[in-house]
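Trainee: pasting the sequence and the predicted coordinates here, then a few questions.
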Amino acid sequence: MGAPADKISVIIPVFNRRREVLRAIASVLRQTRPADEILVVDDASSDGTAEAVAELREKRIRVLRHSQNRGAAAARNTGIEAAQGDWIAFLDSDDEWDQRKLALQSDALARAPAEMPAGVTGYVIQDYRTGQKHSVSPTARDATLESLVWGCFLGLGSTLLARRAAFAAVGVLDPDLPRLEDWEWLMRYLPRYRLGVLSEPLAIVHKAEDPSFGRVAASLSRIREKHRDDWYRRSWIEGRKFDSTLLVEEAAARYYARDHAGAAILAMRAVATYPFRGGKFFATLIQRAAGARNAKG
């Protein structure tokens, strides 16, 4: 299949994260398998982000600038278009990598079959809202179309390493999605290819806030329009699962926006649409319901 070590381009989209993007870049520069180029796509920042990156004077770094803010998906697409490497790695501007990330992942993909031109790794979520830290260790089963119908927790924004050819075949990220662009991209990728998985947490995802309800709702509407018919063509059951998941995602967004009544209604609709969800789903509903009661008290 050819070794990914030939050339790797790292793409870091950034908007007004001057301090955080320097931390992300530092983690790339520490890699035991060095990146060949680092494309920082400044999505019309106003805090001096581009200037701070330029001051690093690292010859492998190129700064690409948008004159208007277009969102993370569009920024990654700008990076993909400009990248010179055969392999593309994504890193969010507020996240960072274990120093072995590129080495371990590129070695695994070098030994993978041709039908596996991309892979992800596990990651650690550092949640500043709660002060908690927990690991997400996906398995090969989680990286299948069957699992994707329940949503996406694979963390593509900071764990994906993929051949440029994969984007040429299935398309780049949807620039009209303000959220969930990784889930939508995988809906196009997984019907054609397999996705490699390294369960070991090799990225740190820093989480300081929840996405706005409006951004999530707009994304869900577009994803429903683009992919609902495909899921129903696979089977009526798969379509019902997909409809249920869309309702769950919207319920979660309302919950984080503190609209607990709206979240409860959507959660009940999700259960009515597909009642056979796993026990973990119902445990989460109970936990969030208890949290809502405590917040009112």
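Mentor: The structure has been received and is ready for your questions. Numbering: from 1, shown residues only.
Trainee: buried ones in stretch 190-207, by neighbour count?
Mentor: Neighbour-count burial for stretch 190-207 flags 190, 193-198, 201-206 (criterion: 16 or more other CB atoms under 10 Å). The way it works is simple: take the backbone N, C-alpha and C, and place the C-beta from them, glycine included.
Trainee: and if you look at stretch 144-163?
Mentor: 147-150, 152, 154-163.
Trainee: what does stretch 227-234 give?
Mentor: Applying 16+ other CB under 10 Å to stretch 227-234 flags 227, 231 as buried.
Trainee: wait, which of the buried residues of stretch 190-207 is closest to residue 131?
Mentor: residue 206 (12.5 Å; CB to CB).
Trainee: quick check on that closest one: phi, psi?
Mentor: For residue 206, the backbone dihedrals are phi -90, psi 120 (criterion: degrees, to the nearest 10).
Trainee: beta-bridge partners for it, please?
Mentor: Per DSSP bridges, the residues bridged to residue 206 are residue 126.
Trainee: thought it was touching residue 20?
Mentor: Yes. With contact defined as CB atoms under 8 Å, residue 206 counts as touching residue 20 (7.4 Å).
Trainee: overlap of the contact sets of these two?
Mentor: Common neighbours of residue 206 and residue 20 are listed as residue 94 (criterion: CB atoms under 8 Å, 6 or more residues apart in numbering).
Trainee: mind listing what's buried in the strand or helix carrying residue 52?
Mentor: Using DSSP states H and E, the element containing residue 52 is helix 49-54. For helix 49-54, a neighbour-count test (16+ other CB under 10 Å) marks 49, 50, 52, 53 as buried.
Trainee: distance between it and the chain's centre?
Mentor: The chain centre lies 24 Å from the centre of helix 49-54; the measure is CA atoms, centre = their mean, to the nearest Å.
Trainee: next one: phi and psi at residue 111?
Mentor: Residue torsions, per degrees, to the nearest 10, at residue 111 are phi -100, psi 0.
Trainee: now the one 10 residues further on
Mentor: Backbone geometry at residue 121, expressed as degrees, to the nearest 10, gives phi -130, psi 170.
Trainee: that one and residue 132, how far apart?
Mentor: 21 Å (CB to CB, to the nearest Å).
Trainee: give me the nearest residue to residue 94, chain neighbours excluded.
Mentor: In this structure, residue 94 finds its nearest non-sequential neighbour in residue 20, 4.2 Å apart by CB to CB, 6 or more residues apart in numbering.
Trainee: helix or strand right after the helix or strand hosting residue 62?
Mentor: If you go by DSSP H and E, residue 62 is part of strand 61-65. Next helix or strand after strand 61-65 toward the C-terminus (DSSP H and E): helix 72-82.
Trainee: who has more neighbours out of residue 121 and residue 132?
Mentor: Neighbours were counted for residue 121 and for residue 132 using other CB atoms under 10 Å; residue 121 has more, 28 against 10.
Trainee: wait, doesn't the more buried one sit right on residue 201?
Mentor: Yes. Taking contacts as CB under 8 Å, residue 121 lies within contact range of residue 201: 7.2 Å.
Trainee: in PDB, list the C-alpha atoms belonging to stretch 230-244.
Mentor: Extracted C-alpha coordinates of stretch 230-244, given in PDB (Å, rounded to 0.1, in the frame of the first residue of the first chain):
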ATOM      1  CA  ASP A 230     -29.600   6.300   2.100                       C
ATOM      2  CA  TRP A 231     -30.200   4.800   5.600                       C
ATOM      3  CA  TYR A 232     -33.700   3.800   4.700                       C
ATOM      4  CA  ARG A 233     -32.500   2.300   1.400                       C
ATOM      5  CA  ARG A 234     -30.200   0.000   3.500                       C
ATOM      6  CA  SER A 235     -33.300  -1.100   5.500                       C
ATOM      7  CA  TRP A 236     -36.300   0.400   7.300                       C
ATOM      8  CA  ILE A 237     -34.800  -0.500  10.600                       C
ATOM      9  CA  GLU A 238     -31.600   1.400   9.800                       C
ATOM     10  CA  GLY A 239     -33.600   4.400   8.800                       C
ATOM     11  CA  ARG A 240     -35.500   4.300  12.100                       C
ATOM     12  CA  LYS A 241     -32.200   4.100  14.000                       C
ATOM     13  CA  PHE A 242     -30.900   7.100  12.100                       C
ATOM     14  CA  ASP A 243     -34.000   9.100  12.800                       C
ATOM     15  CA  SER A 244     -33.800   8.200  16.500                       C
END
